[in-house]
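Undergrad: What follows is a predicted structure for the sequence shown.
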Amino acid sequence: MVAMSGGVDSSLAAALLKLEGFEVSGVWLRLWSCGCQDSADNESKNEPKGLEEAKCVARQLQIPFRVLDLETEFRDQIVSYFIREYLRGRTPIPCLFCNRRVKFGTLMQEALAGGASYLASGHYARITYDAKGGRYLLWRSPDPHKDQSYFLSQLTQEQLAHLILPLEHMRKEEVRRLAGELGIGTAQRPESQELCFVSRGGYRQFLRNMAGDMIKPGPIRDHKGNLLGEHKGLAFYTIGQRKGLRLAGGRPFFVVELRPDSNEVVVGEEKDLWRSDMVVEGVNWIPSQELPGRTEAWVKIRYQHAGAKAFITPMEGGRAWVSFAAPQRAITPGQAAVFYQGDLVLGGGIIACSLPGPNRHGDIRRYIEAYARFFPSSLDLWAAT
C-alpha cells in the first residue's frame, strides 16, 4: 500500500513499485477538515485538490485506491499535542509525531491488517537491514536539500521493517524528470512547507481559534527580573524571536527563555542565545536499543540546521545529555534533535532544555540548579558525567 498525497513524490513511488512488479494499492488520508479552520494547500494528504490528484494518478496507474479517515486520531494525538506544547512555552514539531503515530502508526496497522506486506511513501531517506546486529537502519537521502530522515527519526524497528521508500536513491530533480517521462500528471506540482492543518492565517491564528481562552498576556523581563513590557501570550513566541516584542531601549532584544509556570517571556541579547549543552527526552535509538556510552555524533537541532559536532551521553528515562563542541544558536525546547554518524541516523528525541556548558558558566551550583528545574530526580547523573 502506498500513502498517496497527490504530490509528485508519492505518485512516482507508486509508479516505481508497480514497474518493479509489486501488487500496489493507494490510500489518501483524511486528517483534518475542521470547519473552524481552512485547509492549507499543500502536500500533506488533507486538501480536496490533493485527493483529486491522487485519484487521477491511481486511475492512470490502474491501481486500487481508497480514502482512509483518520481525523479523530489526528486531532486527538497530533493537533492536541501541537496546542499543548505551545501552551507550555515550547515549539512543537507535529510532523515527526504524525509520522510515528498516524502515518506509519495507525495507517501502517491498517495496511498490514488489510493484507499488505508493506507501506510505502515518497519520503527522501534510505532504510537498510543490518543482519549482524539484527536491526533496521535509517540513512540520509543523497539529496541534502530534500533529506527527510530528520522527520523519520522516531520510527520504531517494527515500522522500519514494513516501510519501503522507493525514492531512497533519488534527487528531487530526478523525481520530477522521471515522473514527466512516465506521463504522471503531478510531475510539476508545486510544493509547500505549510502545516496541513494550519491555514494561511498562520499558526498564531490557529491557536487563537482553538485555544484562545487559555492564552494569557504576561510580563516580559530580562535575566535580572526587570520588567520591560508585556507579551500577548507564551504561545505566540519562540526562542530566538526578535520581531513583535515592541520593547524600548535602543538595542535589539531576543527571546531567550519562556517560563510557563510564571507566564513570563525572558529576553536578552544575541549572545544570550548561544548554548553549549541540552537535554533531549523521548530518545529513539535506531542501530541499537540504547547508546553504549558517551558517543561523538553530528547533531541537528532543527530541520534546516546544518548540524554540529557534539558528544551524547545517554541518561535514564529515555533521555540524553548533548554537549556541543561549539555553542549553538537558539536551541529550542520542543524541536527535534537528531543524531548522525556520517549518513547513518543514530536516533533522536525532543529538546527538553538548553543550558550553557558548566565549563563556561562560572557557577557550577547555578548550573546544576537550572538543570534540576527540569529533571530533579537525575542530579546524581550529572555528577556521574
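TA: Looks like it came in fine. The structure displayed is predicted, hence computed values, not measured ones. Residues are numbered from 1 along each chain as shown.
Undergrad: Okay, and residue 55 sits in which element?
TA: Using DSSP states H and E, residue 55 falls within helix 48-61.
Undergrad: Just the CA trace of that helix, in PDB.
TA: C-alpha atoms of helix 48-61 as PDB (Å, rounded to 0.1, in the frame of the first residue of the first chain):
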ATOM      1  CA  PRO A  48      -9.500  18.100  -1.800                       C
ATOM      2  CA  LYS A  49      -7.100  19.100  -4.500                       C
ATOM      3  CA  GLY A  50      -4.600  16.600  -3.300                       C
ATOM      4  CA  LEU A  51      -7.300  13.900  -3.200                       C
ATOM      5  CA  GLU A  52      -8.400  14.600  -6.700                       C
ATOM      6  CA  GLU A  53      -4.800  14.400  -8.000                       C
ATOM      7  CA  ALA A  54      -4.200  11.200  -6.100                       C
ATOM      8  CA  LYS A  55      -7.300   9.700  -7.600                       C
ATOM      9  CA  CYS A  56      -6.200  10.700 -11.100                       C
ATOM     10  CA  VAL A  57      -2.700   9.100 -10.600                       C
ATOM     11  CA  ALA A  58      -4.300   5.900  -9.200                       C
ATOM     12  CA  ARG A  59      -6.600   5.700 -12.300                       C
ATOM     13  CA  GLN A  60      -3.600   6.300 -14.600                       C
ATOM     14  CA  LEU A  61      -1.600   3.500 -12.900                       C
END
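Undergrad: contacts for it?
TA: The contact list for helix 48-61 (C-beta atoms under 8 Å, 6 or more residues apart in numbering) reads 4-7, 10-11, 14-15, 18, 24, 26, 28, 30, 39, 41-44, 64-65, 67, 183-186, 189. All C-beta atoms are positioned from the backbone trio N, CA, C, and that covers glycine.
Undergrad: quick one, domains of this protein?
TA: For the chain, the structural domains run 2-181, 216-268, 272-384, going by automatic domain parsing.
Undergrad: Mean neighbour count added to those, as JSON lines?
TA: Listed next are the domains of the chain as JSON lines, based on neighbours: other C-beta atoms under 10 Å:
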{"stretch": "domain 2-181", "mean neighbour count": "19"}
{"stretch": "domain 216-268", "mean neighbour count": "16"}
{"stretch": "domain 272-384", "mean neighbour count": "17"}
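Undergrad: what about those, which gets the closest to residue 195?
TA: domain 2-181 (6.6 Å; C-beta to C-beta).
Undergrad: mind checking how far the closest one is from the chain centre?
TA: 14 Å (C-alpha atoms, centre = their mean, to the nearest Å).
Undergrad: List phi and psi for the closest residue to residue 139 other than its chain neighbours.
TA: Take residue 139 and drop its neighbours on the chain: the residue closest to it by C-beta to C-beta, 6 or more residues apart in numbering is residue 126, 4.1 Å away. Phi and psi for residue 126, reported as degrees, to the nearest 10, are phi -140, psi 140.
Undergrad: Residue 126 and residue 343, how far apart?
TA: From residue 126 over to residue 343 the distance is 8 Å, taken as C-beta to C-beta, to the nearest Å.
Undergrad: low pLDDT regions in the stretch 101-250 of the chain?
TA: 192-193 (pLDDT under 70).
Undergrad: Which residue ranges of it form helices?
TA: 107-113, 157-161, 172-181, 202-211 (DSSP state H, counting those that start in this stretch).
Undergrad: before we move on, which element is the nearest residue to residue 282 once chain neighbours are set aside in?
TA: Spatial nearest neighbour of residue 282, excluding adjacent residues (C-beta to C-beta, 6+ apart): residue 349 at 4.6 Å. Residue 349 belongs to strand 344-355 when elements are defined using DSSP H and E.
Undergrad: how close does residue 31 sit to residue 343?
TA: 30 Å.
Undergrad: pLDDT (mean, whole number) over the strand holding residue 349?
TA: What strand 344-355 shows for mean pLDDT is 96.
Undergrad: Compare the helices of the stretch 101-250 of the chain and report which one is nearest to residue 291.
TA: helix 157-161 (15.6 Å).
Undergrad: who touches that closest one?
TA: With C-beta under 8 Å, 6+ apart as the test, helix 157-161 has contacts from 100, 104-105, 108, 127, 135-138, 286.
Undergrad: Looking at those, which are in strands?
TA: Secondary structure from DSSP state E places 127, 135-138 of the contacts of helix 157-161 in strands.
Undergrad: Quick check: of these, which lies closest to residue 280?
TA: residue 138 (17.1 Å).
Undergrad: Run through the bridge partners of that closest one.
TA: residue 127 (DSSP bridges).
Undergrad: check contacts around it.
TA: 125-127, 149, 152-153, 155, 160, 286, 344-345.
Undergrad: Can you tell me which of those is nearest residue 250?
TA: The closest of these, once distances to residue 250 are taken by C-beta to C-beta, is residue 153, at 42.9 Å.
Undergrad: Disregarding residues adjacent in the polypeptide, which is nearest to the closest one?
TA: Residue 153 sits nearest to residue 348 (C-beta to C-beta, 6+ apart), 3.5 Å away.
Undergrad: so who does the one you found touch?
TA: So residue 348 contacts 150, 153-154, 280, 283-284, 336-339 (C-beta under 8 Å, 6+ apart).
Undergrad: Could you do residue 345 as well?
TA: 137-140, 149, 152-153, 286, 338-339.
Undergrad: before we move on, the earlier item: would you turn the helices of the stretch 101-250 of the chain into CSV with distance to residue 56?
TA: Formatted as CSV, the helices of the stretch 101-250 of the chain follow (distance: least, C-beta to C-beta, whole Å):
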stretch, distance to residue 56
helix 107-113, 21
helix 157-161, 29
helix 172-181, 13
helix 202-211, 30
